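1. Generate a structure from the sequence data that follows.
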Amino acid sequence: MDKSKRAPTQRQLRVGEEIRNALALIFSLGETHHPVLDTASITVSEVRISPDLKNATAYVMPLAGSNKDIVMQALIENASRLRGLVSRRIILRTSPKIVFKLDTSFEEANRINMLLNSDRVKQDVTKPRDDE
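-> Residues are numbered from 1 along each chain as shown. I've put the predicted structure just below:
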(Lines give C-alpha, C1' and ligand atoms only; values in the text may rest on other atoms or scores of the structure.)
Protein backbone atom coordinates (compact mmCIF):
# COMPACT_ATOMS: atom_id res chain seq x y z
CA MET A 1 0.00 0.00 0.00
CA ASP A 2 1.23 3.46 -0.88
CA LYS A 3 2.40 5.37 2.21
CA SER A 4 0.62 8.56 1.17
CA LYS A 5 -2.77 6.81 1.00
CA ARG A 6 -2.69 5.41 4.52
CA ALA A 7 -5.21 6.65 7.01
CA PRO A 8 -3.83 9.24 9.42
CA THR A 9 -2.63 7.97 12.79
CA GLN A 10 -4.16 9.02 16.08
CA ARG A 11 -1.15 11.27 16.69
CA GLN A 12 -1.60 12.99 13.30
CA LEU A 13 -5.28 13.53 14.00
CA ARG A 14 -4.61 14.85 17.50
CA VAL A 15 -1.85 17.25 16.39
CA GLY A 16 -3.94 18.41 13.42
CA GLU A 17 -6.85 19.19 15.74
CA GLU A 18 -4.54 21.05 18.15
CA ILE A 19 -3.24 23.18 15.29
CA ARG A 20 -6.78 23.81 14.04
CA ASN A 21 -7.84 24.97 17.50
CA ALA A 22 -4.75 27.17 17.86
CA LEU A 23 -5.34 28.83 14.46
CA ALA A 24 -9.02 29.40 15.21
CA LEU A 25 -8.12 31.01 18.52
CA ILE A 26 -5.43 33.19 16.92
CA PHE A 27 -7.89 34.39 14.27
CA SER A 28 -10.73 35.00 16.73
CA LEU A 29 -8.51 36.97 19.14
CA GLY A 30 -6.95 39.01 16.34
CA GLU A 31 -3.41 38.08 17.27
CA THR A 32 -2.03 38.28 13.75
CA HIS A 33 -1.81 42.10 13.77
CA HIS A 34 -2.61 42.02 10.06
CA PRO A 35 -5.53 44.27 9.01
CA VAL A 36 -7.08 41.71 6.64
CA LEU A 37 -6.71 38.70 8.92
CA ASP A 38 -7.81 40.49 12.09
CA THR A 39 -11.01 41.85 10.51
CA ALA A 40 -12.06 38.76 8.54
CA SER A 41 -14.01 35.88 10.08
CA ILE A 42 -12.01 32.84 9.04
CA THR A 43 -13.19 29.26 9.51
CA VAL A 44 -10.47 26.64 9.87
CA SER A 45 -12.33 23.50 8.88
CA GLU A 46 -9.49 20.98 8.97
CA VAL A 47 -5.74 20.66 9.38
CA ARG A 48 -4.03 17.66 7.84
CA ILE A 49 -0.53 16.90 8.96
CA SER A 50 2.18 14.76 7.41
CA PRO A 51 3.27 11.53 9.13
CA ASP A 52 6.55 13.14 10.27
CA LEU A 53 4.56 16.09 11.75
CA LYS A 54 6.71 18.60 9.86
CA ASN A 55 4.18 19.83 7.29
CA ALA A 56 0.57 20.81 7.81
CA THR A 57 -2.15 21.83 5.40
CA ALA A 58 -4.84 24.08 6.87
CA TYR A 59 -8.15 24.25 4.99
CA VAL A 60 -9.74 27.63 5.58
CA MET A 61 -12.73 29.62 4.37
CA PRO A 62 -13.61 33.24 5.08
CA LEU A 63 -17.15 33.74 6.33
CA ALA A 64 -19.58 33.32 3.41
CA GLY A 65 -16.60 33.16 1.06
CA SER A 66 -16.25 36.94 1.07
CA ASN A 67 -12.87 38.35 0.05
CA LYS A 68 -11.47 34.86 -0.20
CA ASP A 69 -8.72 35.86 -2.64
CA ILE A 70 -7.53 38.71 -0.41
CA VAL A 71 -7.69 36.56 2.74
CA MET A 72 -5.84 33.68 1.08
CA GLN A 73 -3.12 36.03 -0.13
CA ALA A 74 -2.74 37.43 3.40
CA LEU A 75 -2.58 33.92 4.86
CA ILE A 76 0.07 32.82 2.39
CA GLU A 77 2.15 35.95 3.03
CA ASN A 78 1.89 35.54 6.82
CA ALA A 79 2.31 31.76 6.99
CA SER A 80 5.64 31.93 8.81
CA ARG A 81 4.26 34.40 11.37
CA LEU A 82 1.24 32.16 11.94
CA ARG A 83 3.60 29.20 12.34
CA GLY A 84 5.35 31.10 15.12
CA LEU A 85 2.06 31.98 16.81
CA VAL A 86 0.93 28.35 16.66
CA SER A 87 4.24 27.15 18.10
CA ARG A 88 3.67 29.38 21.15
CA ARG A 89 0.36 27.63 21.82
CA ILE A 90 1.34 24.03 21.07
CA ILE A 91 4.40 22.29 22.41
CA LEU A 92 5.88 20.07 19.71
CA ARG A 93 9.40 18.92 18.97
CA THR A 94 9.32 20.79 15.65
CA SER A 95 6.84 23.42 14.61
CA PRO A 96 5.17 22.25 11.39
CA LYS A 97 5.31 24.36 8.25
CA ILE A 98 1.72 25.42 7.53
CA VAL A 99 0.33 25.66 4.02
CA PHE A 100 -3.06 27.32 3.67
CA LYS A 101 -5.61 26.10 1.14
CA LEU A 102 -9.10 27.31 0.43
CA ASP A 103 -11.68 24.81 1.66
CA THR A 104 -13.97 24.00 -1.26
CA SER A 105 -15.96 21.32 0.57
CA PHE A 106 -18.83 23.75 1.30
CA GLU A 107 -19.16 24.64 -2.38
CA GLU A 108 -18.91 20.97 -3.38
CA ALA A 109 -21.59 19.98 -0.86
CA ASN A 110 -23.84 22.76 -2.16
CA ARG A 111 -23.30 21.61 -5.75
CA ILE A 112 -24.20 17.99 -4.86
CA ASN A 113 -27.26 19.16 -2.96
CA MET A 114 -28.42 21.19 -5.95
CA LEU A 115 -27.92 18.17 -8.22
CA LEU A 116 -29.92 15.91 -5.90
CA ASN A 117 -32.75 18.44 -5.80
CA SER A 118 -32.81 19.01 -9.56
CA ASP A 119 -35.87 17.97 -11.55
CA ARG A 120 -33.90 15.47 -13.61
CA VAL A 121 -32.71 13.51 -10.57
CA LYS A 122 -36.12 13.73 -8.87
CA GLN A 123 -37.67 12.25 -12.00
CA ASP A 124 -35.36 9.22 -11.79
CA VAL A 125 -35.96 8.74 -8.08
CA THR A 126 -39.76 8.89 -8.31
CA LYS A 127 -39.98 6.95 -11.59
CA PRO A 128 -41.81 3.62 -11.10
CA ARG A 129 -39.67 0.59 -11.73
CA ASP A 130 -40.57 -1.73 -14.63
CA ASP A 131 -40.56 -4.88 -12.50
CA GLU A 132 -43.24 -3.58 -10.14
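2. can you map out the strands along this structure?
-> Per DSSP state E, the chain carries strands over the ranges 42-49, 55-62, 97-102.
3. which of the residues in the shortest one are buried?
-> This means strand 97-102. Residues of strand 97-102 classed as buried by neighbour count (16 or more other CB atoms under 10 Å): 98, 100. Just so you know, the C-beta spots here come from the backbone N, C-alpha and C atoms, and that holds for glycine as well.
4. got it, and the first one?
-> Taking 16+ other CB under 10 Å as the basis for neighbour counts, the residues of strand 42-49 that come out buried are 42, 44, 47-49.
5. just checking, what packs against that strand?
-> Under the contact criterion of 3 or more CB pairs under 8 Å, 6 or more residues apart in numbering; DSSP states H and E, strand 42-49 touches helix 10-29, strand 55-62.
6. State the paired neighbours of that strand in the sheet, together with their directions.
-> strand 55-62 (antiparallel) (DSSP bridges).
7. and the strand it pairs with, how far from the chain's centre?
-> 4 Å (CA atoms, centre = their mean, to the nearest Å).
8. now do stretch 26-34
-> For stretch 26-34, the distance to the chain centre is 17 Å (CA atoms, centre = their mean).
9. Ok, stretch 84-94 next?
-> Remark: stretch 84-94 is offset 19 Å from the chain centroid, using CA atoms, centre = their mean.
10. and it, how far apart are its ends?
-> 11 Å (CA to CA, to the nearest Å).
11. Any buried residues in that stretch, and which?
-> Buried, per 16+ other CB under 10 Å, within stretch 84-94: 85-86.
12. hmm, who's touching it?
-> Contacts to stretch 84-94, defined as CB atoms under 8 Å, 6 or more residues apart in numbering, come from residues 15, 18-19, 22-23, 25-26, 31-32, 53-54, 95, 98.
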